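S.K.: For reference, the sequence and a predicted model appear below.
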Amino acid sequence: MTSKTAHAYRIWPKDPAAHLFEVRVAVRNPDPDGQVFAIPAWIPGSYMIRDYAKHVITVRAEADGRDVAIKKLDKSRWQAAKTSRELTFILEIFAHDESVRGAHLDASHAFFNGTCVFPAVVGQEELACNVEIVAPEAPFGKGWRVATSMRRNTADEYEFGGYTAGDYAELIDHPVEIAQLSIGEFDVCGIPHAIAIRGKTRVDMARLCRDLQKLCAHQISFLGAPSDLDRYLFLLNAPGSGYGGLEHRWSSSLICGRDNLPARGDEGVSDEYRTFLGLVSHEYFHLWNVKRMKPAAFTPYDLSKETHTGLLWVYEGITSYYDDLALLRSGMITIQSYLELLGQTITRVLRGGGRRVQSVEESSFDAWTKFYKQDANASNAVVSYYAKGSLIALCLDLKLRNETAGRISLDDVMKEAWSRWGESGTGMPEDGFEQLCMDVSAVDLGDFFDANVRGTGELPLDSLLKSHGVDYCLRCSTGAKDKGGKPSGDINPPTVWLGANLGDRAGKPVFLSVNNGGPAEQAGISPGDELVALDGLRMDLAGCEARTRRYRPNDVSEITVFRGDELVSMRLKWAEAPTDTCYLLPADEVEDAVKSRRGDWLGQ
Ligand SMILES: [Zn+2]
């Protein structure tokens, strides 16, 4: 495992109070023209330029105990003066980003992604990387243990010490959590798995491990264990609230609210725990879909700049389709619960006008500047390649089942994708997924891809779900908390809408976004306007929602806002609320053939 020429990295939580890591890398044979070091501009899985080098506070280099001059080449690269001796590059890095994409250090823990802290030795990225993870000085670090999927070298399990990675790409694919941790271990198909949790969760660890074991075993039974999957680690940060996940090849970083996890004695699956299980399922599915089979544009990753592909909907959308479906197929949730989740996803897509403007292929391509950098107009201009991508996956699955009399489904397409692009490491070409679907099914899908992937057509959800024994129902939203997925149960739901999204900003009701063509836009309301009064009555968020129920289509109101510090009054004509809220019901009294199609699809 340890090669003579391996780069020797060392990371030390130097000053937790100041959030400073010290990182060193010793290079045995530096480039004779002057060794260049580079910090990535982005992290695989999160498609936005983050310029991690901006958090580098100081750099220096030495050889044989003497300083070596350093020149900054651009925003994220440095070059050391020529030397033939072993060269050590030393950085101090500020770490105060508690997301799954960042690095964070304080008195309670240290967390880092390699992209944030380890510079690449440019031109020698193929060499093995040894890493010494060093404990902070007292009084910091009491009871801290180290959790990472990186292979241990000299370190004992969950301890500080030596770790190793095969090359730089692997080095930065092993996030590290160092804290007082609760650790649960379980075995899936002979492969050791673990979950390391930071936070005062009081979780029922035995149940959590049982549930994760079941879910992971189901997913392994779907596409088969990758040949290099010899371990897997879930790193979970569980603060008071939060949500997020990032996939890696042998691990994933997750954030969820600490009370979303089951306590001892809890039974059933709460909505919050279902959300957590969906997150776990999503990141675990990525271990195949995007960490091993990936777009050709990502083989290899160029972490210095944006890397465009129109295929993110395949990697995120299909993963989003299978994440919840795996909860159902593995027996974690009921059909009713699954249909509720699906209805919520459909509602999210229906409520965004962006689906009429941007295709999922465009949304994938422009993820860097649009999906990841949403402005107040995003709901009018951007479609989520996650949400709509998952609905395209659903439609494709049901359509293939219909057109091949149940012989072929999306499952078969994914199995063939895995055999083409999984173990081989070759990337999927931009037209590869469409071609694959047609190769596997012999169904002509050109029109489907034109309309739904390259185009902005409305998905044929109603008819495809009906053919699988599920009724597609639409209704109006009952208010801001209504995520869809269920019948409203509201006897007097609002009949009109504003066509705008109101939110709380510093205790004030503010228009966060305004729908194209809706009553608010036609009245002249802009994003950022603070709602003051409706027909002379002072409004807060709850008041506005309650008051909306007292109007009918074509009623006219005077709406008063602050735009900056100027009071503006406008004439608002109320319009009929759209039926943009979906719920799905198992159709009763369906033919046996339909019932059996539904059973095949849902794995029941
Ligand atoms: Zn994902």
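M.R.: It's in.

S.K.: if I read this right, residue 71 contacts residue 78, doesn't it?
M.R.: Yes: shown here, residue 71 and residue 78 form a contact pair, counting by CB atoms under 8 Å, at 6.9 Å. For the C-beta atoms, the positions are set from N, CA and C on the backbone; glycine is no exception.

S.K.: neighbour count winner among the two?
M.R.: Taking neighbours as other CB atoms under 10 Å, residue 71 and residue 78 compare with residue 78 leading, 24 against 11.

S.K.: Kindly confirm my reading that the more buried one is in a helix.
M.R.: No: judged by DSSP: H, G, I helix; E, B strand; the rest coil, residue 78 forms no part of a helix; its state is strand.

S.K.: State the pLDDT value of it.
M.R.: In this model, residue 78 is scored at 98, pLDDT.

S.K.: mind checking how far it is from residue 229?
M.R.: From residue 78 across to residue 229, the span is 36 Å (CB to CB, to the nearest Å).

S.K.: just residue 418 next, same as before
M.R.: As defined by CB to CB, residue 418 lies at a distance of 13 Å from residue 229.

S.K.: Check residue 9 too.
M.R.: Separation of residue 9 from residue 229 (CB to CB): 25 Å.

S.K.: Helix, strand, or coil at the residue lying closest to residue 372 once chain neighbours are set aside?
M.R.: Excluding the flanking residues, the one nearest residue 372 by CB to CB, 6 or more residues apart in numbering is residue 48, at 3.8 Å. The three-state assignment at residue 48 reads coil, by three-state DSSP.

S.K.: number of nearby residues for residue 48?
M.R.: Counted with other CB under 10 Å, residue 48 comes out at 16.

S.K.: For it, give me its contacts.
M.R.: Neighbour list for residue 48: 42, 367-368, 372-373 [criterion: CB atoms under 8 Å, 6 or more residues apart in numbering].

S.K.: what does residue 46 give?
M.R.: Per CB under 8 Å, 6+ apart, neighbours of residue 46: 101, 246, 372.

S.K.: Highest neighbour count among those?
M.R.: residue 246 (22 neighbours).

S.K.: Test my guess that it contacts residue 101.
M.R.: Yes: if you go by CB under 8 Å, residue 246 and residue 101 touch, sitting 6.0 Å apart.

S.K.: Name the residues of stretch 141-157 that are buried.
M.R.: For stretch 141-157, a neighbour-count test (16 or more other CB atoms under 10 Å) marks 141, 144-153, 155 as buried.

S.K.: Tell me if residue 511 really is in a strand.
M.R.: Yes: counting by three-state DSSP, residue 511 is part of a strand.

S.K.: what residues are up against it?
M.R.: Contact analysis of residue 511 by CB under 8 Å, 6+ apart lists 500-502, 520, 525-531, 561.

S.K.: Got a ChimeraX select line for the buried ones in those?
M.R.: Here is the ChimeraX command that selects only those of the contacts of residue 511 that count as buried (16+ other CB under 10 Å):
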select :500,501,502,520,525,527,528,529,530,531,561
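
S.K.: out of the contacts of residue 511, which are inside helices?
M.R.: In helices, defined here by DSSP state H, the members of the contacts of residue 511 are residue 520.

S.K.: would you list the contacts of residue 511 in TSV and tack on distance to residue 170 and pLDDT?
M.R.: Output for the contacts of residue 511, formatted as TSV (distance: CB to CB, whole Å; pLDDT from 0 to 100):
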residue	distance to residue 170	pLDDT
500	48	97
501	43	96
502	47	96
520	51	98
525	51	98
526	49	98
527	44	98
528	45	98
529	50	98
530	50	98
531	52	98
561	54	98
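
S.K.: Let me know the closest of the contacts of residue 511 to residue 160.
M.R.: Checking the contacts of residue 511 against residue 160 with CB to CB, the nearest one is residue 501 at 47.7 Å.

S.K.: ok so, going back, in terms of neighbours, single out the busier of residue 9 and residue 229.
M.R.: Taking neighbours as other CB under 10 Å, residue 9 and residue 229 compare with residue 9 leading, 25 against 18.

S.K.: how much space between the more buried one and residue 170?
M.R.: Noted for residue 9: a distance of 12 Å to residue 170, by CB to CB.

S.K.: overlap in contacts of those two?
M.R.: Counting by CB under 8 Å, 6+ apart, the shared contacts of residue 9 and residue 170 are residue 129.

S.K.: For stretch 536-547, which outside residues touch it?
M.R.: 479-480, 502-504, 509, 531-534, 558.

S.K.: Among those, which one has the most neighbours?
M.R.: The most crowded member of the contacts of stretch 536-547, judged by other CB under 10 Å, is residue 531 (24 neighbours).

S.K.: Mind putting the contacts of residue 48 into TSV with pLDDT?
M.R.: Below are these laid out as TSV (pLDDT from 0 to 100):
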residue	pLDDT
42	98
367	98
368	98
372	97
373	97
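
S.K.: which among these gets closest to residue 408?
M.R.: Closest approach to residue 408 among those (CB to CB): residue 367, at 30.0 Å.

S.K.: how close does that closest one sit to residue 45?
M.R.: Distance, residue 367 to residue 45, by CB to CB: 11 Å.

S.K.: One more: residue 256?
M.R.: 17 Å.

S.K.: what's the answer for residue 577, then?
M.R.: Taking CB to CB, one finds residue 577 at 38 Å from residue 45.

S.K.: likewise residue 247?
M.R.: From residue 247 to residue 45 the distance is 5 Å (CB to CB).

S.K.: and if you look at residue 188?
M.R.: From residue 188 to residue 45 the distance is 22 Å (CB to CB).

S.K.: Kindly report the same for residue 430.
M.R.: Taken as CB to CB, the span from residue 430 to residue 45 is 19 Å.

S.K.: Looking at those two, which one has more neighbours?
M.R.: Set residue 430 next to residue 45 and count neighbours by other CB under 10 Å: residue 45 wins out with 21 against 16.

S.K.: Surely the more buried one and residue 251 touch.
M.R.: No: here residue 45 lies out of contact with residue 251, judged by CB under 8 Å, at a distance of 11.8 Å.

S.K.: Now do the contacts for the nearest residue to residue 275 once chain neighbours are set aside.
M.R.: Using CB to CB, 6+ apart and skipping residues adjacent in sequence, the residue nearest residue 275 is residue 260, 6.7 Å away. Neighbouring residues of residue 260 by CB under 8 Å, 6+ apart: 238, 270, 272-273, 275-276.

S.K.: same thing but at 7 Å, please
M.R.: Listed by CB atoms under 7 Å, 6 or more residues apart in numbering, the contact partners of residue 260 are 272-273, 275-276.

S.K.: Quick check, pLDDT for it.
M.R.: Note on residue 260: pLDDT of 97.

S.K.: quick one: it from residue 21, how far?
M.R.: Counting by CB to CB, the separation of residue 260 from residue 21 is 30 Å.

S.K.: And for residue 138?
M.R.: Noted for residue 138: a distance of 17 Å to residue 21, by CB to CB.

S.K.: okay, those two: which has more neighbours?
M.R.: Neighbours around residue 138 and residue 21, counted as other CB under 10 Å, are more numerous at residue 21. The numbers are 25 against 7.

S.K.: mind checking the SS state of that one?
M.R.: Secondary structure of residue 21, per three-state DSSP, is strand.

S.K.: That one contacts residue 114, correct?
M.R.: No: between residue 21 and residue 114 there is no contact under CB atoms under 7 Å: 11.7 Å.

S.K.: how close does the nearest residue in space to residue 81 that is not next to it in sequence get to residue 123?
M.R.: Once flanking residues are discounted, residue 81 sits nearest to residue 69: 4.2 Å by CB to CB, 6+ apart. To residue 123, residue 69 is 19 Å away according to CB to CB.

S.K.: Where do the strands of the stretch 1-150 of the chain begin and end?
M.R.: For the stretch 1-150 of the chain, the strands defined by DSSP state E, counting those that start in this stretch occupy 7-15, 20-27, 36-38, 56-63, 66-68, 70-74, 77-80, 87-94, 103-106, 109-112, 120-121, 129-133, 145-148.

S.K.: Run through the neighbouring helices and strands of the shortest one.
M.R.: Okay, so that is strand 120-121. strand 36-38 (3 or more CB pairs under 7 Å, 6 or more residues apart in numbering; DSSP states H and E).
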